[in-house]
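*Asks:* The sequence isn't on hand, but the structure is:
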């Protein structure tokens, strides 16, 4: 899972994500269920550089956020401090953590679970979520869909050429595994520093994930299209799951 050490330096510049839209989806979803999020405790898995952490905090949630990358957590801490917010940050792996407390809400964003490439580890991670949820608690997370990974990213090369950063991003699929090789050139003074990243994601079918959730014990599992209050469809690029314990 330590695939973000160098990428943490440029992650926010490269990510084209409407985090406010994601936070609005969460607000609207729970408002529709007459559930008030303010002052409620929440666990965020795979918080990265803290972009959604900050947006969740602005919804009024009391957050514990964890990530396996020290470098990403360092960036998150800097941003949270600048915003003058209070969040508990922990260096933990989303597959294996024990916080000795339960939460009414557990969230995870930006395809963290695609990085779990062994099915047994995904089952273990979901069971851990279940054990950390209060009764009637909600588990909300997303995955990049099979449609996105196979048709929009797999076996393709992407490039970026800006004044301060360039990259070449090659993608290869082997059955249900996507390997991403990214070479970065980042400007430092007069020169550019090169670093290479390898990322591996598993292509999960929505039906497969839903089945594991139900086998874990979740009594409800809704699936939405890319943080819209519309149901997932075959061309959704991101599937958003909301499971209730």
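*Replies:* Noted; the coordinates are in hand. Quantities reported herein were computed from a predicted structural model and do not represent experimental measurements.
*Asks:* Check the secondary structure at residue 124 for me.
*Replies:* helix (DSSP: H, G, I helix; E, B strand; the rest coil).
*Asks:* What is the neighbour count of the nearest residue to it once chain neighbours are set aside?
*Replies:* Closest residue in space to residue 124, ignoring its immediate chain neighbours: residue 95 at 6.1 Å, by C-beta to C-beta, 6 or more residues apart in numbering. Just so you know, the C-beta spots here come from the backbone N, C-alpha and C atoms, and that holds for glycine as well. Residue 95 has 18 neighbours, counted by other C-beta atoms under 10 Å.
*Asks:* ok, residue 95 - contacts?
*Replies:* Taking C-beta atoms under 8 Å, 6 or more residues apart in numbering, we find residue 95 in contact with 1, 116, 121, 124, 125, 128.
*Asks:* The nearest residue to residue 101 once chain neighbours are set aside and residue 90, how far apart?
*Replies:* Of all residues not flanking residue 101 in the chain, residue 132 sits nearest, at 7.4 Å (C-beta to C-beta, 6+ apart). According to C-beta to C-beta, to the nearest Å, residue 132 and residue 90 sit 13 Å apart.
*Asks:* swap in residue 147?
*Replies:* 34 Å.
*Asks:* more neighbours, these two?
*Replies:* residue 147 (17 against 13).
*Asks:* Does that one touch residue 238 like I think?
*Replies:* No - the pair residue 147 / residue 238 is not scored as a contact, 9.9 Å apart, by C-beta atoms under 8 Å.
*Asks:* Show me the common contact partners of these two, please.
*Replies:* With C-beta under 8 Å, 6+ apart, residue 147 and residue 238 have no common neighbours.
*Asks:* and the residue of the chain most remote from its centre, what pLDDT?
*Replies:* Going by C-alpha atoms, centre = their mean, the residue of the chain most distant from its centre is residue 190, 34.8 Å out. Listed pLDDT for residue 190 reads 88.
*Asks:* Could you break this protein into its assigned domains?
*Replies:* 7-144+205-244, 148-201 (automatic domain parsing).
*Asks:* list the residues that contact both of residue 132 and residue 90?
*Replies:* Residues touching both residue 132 and residue 90 (C-beta under 8 Å, 6+ apart) are residue 99.
*Asks:* Can you get me the start-to-end distance on stretch 84-93?
*Replies:* 26 Å (C-alpha to C-alpha, to the nearest Å).
*Asks:* how far does it sit from the chain's center?
*Replies:* 15 Å (C-alpha atoms, centre = their mean, to the nearest Å).
*Asks:* Over to stretch 21-37?
*Replies:* 18 Å.
*Asks:* which residues sit against that stretch?
*Replies:* By C-beta under 8 Å, 6+ apart, stretch 21-37 touches 52, 55-56, 58-61, 105, 107, 109, 138, 140, 224, 227-229, 240, 242.
*Asks:* Can you select the buried ones from these in PyMOL?
*Replies:* The PyMOL command for the buried members of those (criterion: 16 or more other C-beta atoms under 10 Å) is given here:
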select buried, resi 52+55+56+59+61+105+107+109+138+140+224+227+240+242
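*Asks:* one step back: deepest-packed of the domains of the chain, please.
*Replies:* Each of the domains of the chain was scored by mean neighbour count; the highest is domain 7-144+205-244, a mean of 18, by mean count of other C-beta atoms under 10 Å.
*Asks:* Contacts only, for residue 59.
*Replies:* Going by C-beta under 8 Å, 6+ apart, the list of residues near residue 59 reads 23, 26, 27, 37, 38.
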